[in-house]
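1. Here is my input; please provide its structure:
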Amino acid sequence: MRDYPIEKTRDIGIIAHIDAGKTTVSERVLFYTGVSHKIGEVHEGEAIMDWMEQERERGITITAAATTTFWIPTDKTNAPDRKNYEHKINIIDTPGHVDFTVEVERSLRVLDGAVVVFDGVAGVEPQSETVWRQADKYKVPRVCFINKLDRLGASFERSFQSILDRLTPNAVRMQIPDGHEDKFLGVVDLLTMRYYTFEGKSGEKIEEHEIPENLKLDAERYHHELVEKIVEQDEILMNQYLEGKEPSTLELMRVLRDAVLNYKLVPVFCGAALRNKGVQFMLDAVVHYLPSPLDVPPVRGINVKTGEEELRETKDDAPFSALAFKVATDPYVGQLTYFRVYSGQLKAGSYVLNTSSGQQERVGRILQMHANERKEMQEVYAGYIAATVGLKSTKTGHTLCDPEHPVRLEEITFPEPVISLRIEPRTKADQEKMGVALKRLSDEDPTFRLKGDEETGDTIISGMGELHLEIIVDRMKREFGVEANVGRPQVAYKETIQKLTESEGKYIRQSGGRGQYGHVWLRLEPLERSKGYEFVNALKGGVIPNEFVPAVEKGVKEAIEKGILAGYPVVDVKVTVYDGSYHEVDSSEMAFKIASSISFQEGAKRANPIILEPIMKVEVIMPDSFLGEVTGDLNSRRGQIFNIGDRTGLNLKVIDAKVPLAEMFGYATTIRSLTEGRGTFTMEFGNYEPVPASIVQQIVEGKK
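-> Numbers count the residues shown, from 1 in each chain. This is a model prediction of the structure:
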């Protein structure tokens, strides 16, 4: 039996830029919903949702943590039938640091709604834009919470304006604050036109008052603005409003909910989670405006038997389908696989088909997760987020479904790593354990890759940033007991071509008995940036038998991995095999593989090959007295500064620049010394761009 009606279920994520206060908001949510009886503070290393040792030491979120809570809207708390209004909320608290963007990506793929948290001083920051774009990609309805209005220099209006300017013109104020910094006292609800303060030791008592005189004019103005924005979304309500009839609060909430579900409006709330102000109204908004699993369109998949598109509706009596969105190692139960159920139901002990790997898996135990704690469940239904133990062939993005009704849901795409390190075990004993540890960690994290360097025999690990790889090495030591030495960070360069070429590749060997014969013509064309690699078979008339075409493609792929100029992988290239010949006796797969590899290398060398490097979007914040030193340093790092702004009222300058990743190693130390420890910076991957000719030679020689 389902414990909660599906329409009273919410699957939401809390997303934001690093240090906007996501985890502090999550801890208040756990406290006010009664899941925890003590508020865990991030700065004290006591946050429930930041359970990893590395998270507690650094005060940042590294891995997405899931939990389940229950909430009755504040206006129904004292209702005689209050239990009828209780909602079940599955929450995923995600990291804000760009190095762990995979956690946000895979969480948003399976969530129905999101709460986007902003720092009331900084407003929209670089990673705010990244997570917003990720939410746009998966069409996730969202509400905003402008946090930290108790901080020095906080401004609700400035932060709200930054949302309008940089993220969406559809944002609407739902509240305005009474005061800022240490004078932040409460909030005015613009829909009900009431004023609220948060009393008691932990802000758990919400007191309702008349709007203070000094806020009445602003409240009236913003109330009319809000009502107009809402009624614009409904023709009947709009006509009534134009005739002078004021819509009721319930009508406005109904229309606003529809507008949020259709991405037409984004409600903005405010508060200060650390001071226990405003979080309850944000929870009300989750219940009132964010979708239940029923409000989301049916999930699309491919029927494995017919190859045609199939929709799976959010119904308990539909065939079971779920997406595994996260794999994690638990020290007590082994490998945990988190999954979201899209349709049907699943009982512990039953078998499911993994249509991505083709394997059947037994679901022994089903667990409801609360950060790193677990609660056994016997069955789960459509809309549930849960975890299971012991799946052997299931990775992130795989589909689990009813073996009788196989379907494959759309997989999750992840960004490519931009930085690499050489790693070696310290002792002979560490050698075997290191292989196991790295395999486990790469299964967990799709943006963490490992490969062997054929020339040197070294192991190379790649990830999204220096912090990402630092955490991986730290986890190897703590969780798997592996000590390792690491080399200097290396940039993940790529190579590409700039013009169309055609080239011939022949591999002919004659020795005593049967010889080897492979002959191909390839056409190489450059593709747009970030389009990857494309192979086209344009052979006609059987000049090369079909059974040798996979060998031709394999040879091309091997040549692409080896690179042209400095041994880096080739990207953004279309390779077409259009001609060739074969020998009745001597042709073999190996001969065609070698011939296509020769052809690719020859053609690529004539196609104006260039090296591409990752360019990072960098935001530096420092007191204005250090502006000259910081801009000079960025210029010396081949940086392009495209904006210098102000943080109003704080005498701070904000520099937005694009800088090659190769020039940013050790920048944290540099910015501290340049600004007497008062400057900070954030960095995220932007795009790949050609390396200047003067530096290509250094890269080629360095690789040798």
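2. was I right about Q498 contacting L612?
-> No. Counting by CB atoms under 8 Å, Q498 does not reach L612; the two are 11.0 Å apart. C-betas here are computed from N, CA, C, even on glycine.
3. out of those two, which sits in the more crowded spot?
-> A count of neighbours by other CB atoms under 10 Å puts L612 above the other of Q498 and L612, at 21 against 10.
4. got the phi/psi numbers for the more buried one?
-> Torsion angles at L612 (phi, psi; degrees, to the nearest 10) stand at phi -110, psi 140.
5. Quick check: mean pLDDT of stretch 458-473?
-> Averaged over stretch 458-473, pLDDT sits at 81.
6. Buried ones in that stretch, by neighbour count?
-> Counting neighbours by 16 or more other CB atoms under 10 Å, one finds that the buried residues in stretch 458-473 are 459-473.
7. who's in contact with the residue nearest to E105 when sequence neighbours are not counted?
-> Nearest residue to E105 in three dimensions, chain neighbours excluded: Q134, at 5.8 Å (CB to CB, 6 or more residues apart in numbering). Contacts for Q134 (CB atoms under 8 Å, 6 or more residues apart in numbering) come out as I15, T101, V104, E105, L108.
8. neighbours of the last one, just the number please.
-> Applying other CB under 10 Å, we find 24 residues neighbouring L108.
9. Can you name the element that comes right after whichever strand or helix holds it?
-> According to DSSP states H and E, L108 maps onto helix 101-110. Toward the C-terminal end, the helix or strand that comes next after helix 101-110 (DSSP H and E) is strand 113-119.
10. Could you pull up the residues touching F642?
-> Counting by CB under 8 Å, 6+ apart, F642 touches D656, A657, K658.
11. Can you tell me the SS state at it?
-> strand (DSSP: H, G, I helix; E, B strand; the rest coil).
12. In terms of helices and strands, where is the closest residue in space to R374 that isn't next to it in sequence?
-> Using CB to CB, 6+ apart and skipping the chain neighbours, the partner closest in space to R374 is L367 (4.4 Å). Assigning secondary structure by DSSP H and E places L367 in strand 366-370.
13. Could you report the neighbour count for V255?
-> If you count neighbours by other CB under 10 Å, V255 ends up with 20.
14. can you pull the contacts of it?
-> Shown in contact with V255 (CB under 8 Å, 6+ apart): I230, V231, Q233, D234, L237, P247.
15. isn't there a strand covering the last one?
-> No. Assessed with three-state DSSP, P247 is coil; it does not lie in a strand.
16. distance of it from V255?
-> Per CB to CB, to the nearest Å, P247 is found 8 Å from V255.
17. Now do the shared contacts for those two.
-> With contacts taken as CB under 8 Å, 6+ apart, P247 and V255 have I230, V231, L237 as neighbours in common.
18. Check these against G632 and report the nearest one.
-> Closest to G632 out of the shared contacts of P247 and V255 is I230 (50.1 Å), distances taken as CB to CB.
19. Using the three-state scheme, assign the closest one.
-> Per three-state DSSP, I230 ends up helix.
20. R257 too?
-> Three-state call for R257 (three-state DSSP): helix.
21. I'd like to know how many residues surround it.
-> By other CB under 10 Å, 18 other residues sit near R257.
22. rewinding a little: give the pairing partners of the strand holding L367; include direction for each.
-> Using DSSP bridges, strand 366-370 pairs in its sheet with strand 373-377 (antiparallel), strand 385-389 (antiparallel).
23. tell me the phi and psi of V620?
-> Here V620 shows phi and psi, under degrees, to the nearest 10, equal to phi -110, psi 130.
24. what about it, distance to L627?
-> V620 is 10 Å from L627, by CB to CB.
25. Between the two, tell me which one has more neighbours.
-> Neighbours were counted for V620 and for L627 using other CB under 10 Å; V620 has more, 28 against 16.
26. right, and the helix or strand after the helix or strand of the chain with the lowest mean pLDDT?
-> Using mean pLDDT, DSSP states H and E, the weakest-scoring helix or strand in the chain turns out to be helix 53-58, at a mean of 50. Using DSSP H and E, the next helix or strand after helix 53-58 towards the C-terminus is strand 65-71.
27. Adjacent strands (with direction) for that next one?
-> The pairing partners recorded for strand 65-71 under DSSP bridges are strand 87-93 (antiparallel).
28. Quick one: work out the angle between the strand it pairs with and strand 113-119.
-> Strand 87-93 runs at 50 degrees relative to strand 113-119, counting by axes from the mean of the first three to the mean of the last three CA atoms, to 10 degrees.
29. chain center to strand 87-93, what's the gap?
-> Centroid separation between strand 87-93 and its chain, computed with CA atoms, centre = their mean, to the nearest Å, is 18 Å.
30. what's F184 in contact with, if anything?
-> Contacts of F184 by CB under 8 Å, 6+ apart are L149, D150, A154, P177, D178, A272, R275, K277.
31. What about the fourth one, how many residues nearby?
-> I take that to be P177. So P177, with other CB under 10 Å, has 25 neighbours.
32. That one and F156 touch, don't they?
-> Yes. Between P177 and F156 there is a contact under CB under 8 Å: 5.0 Å.
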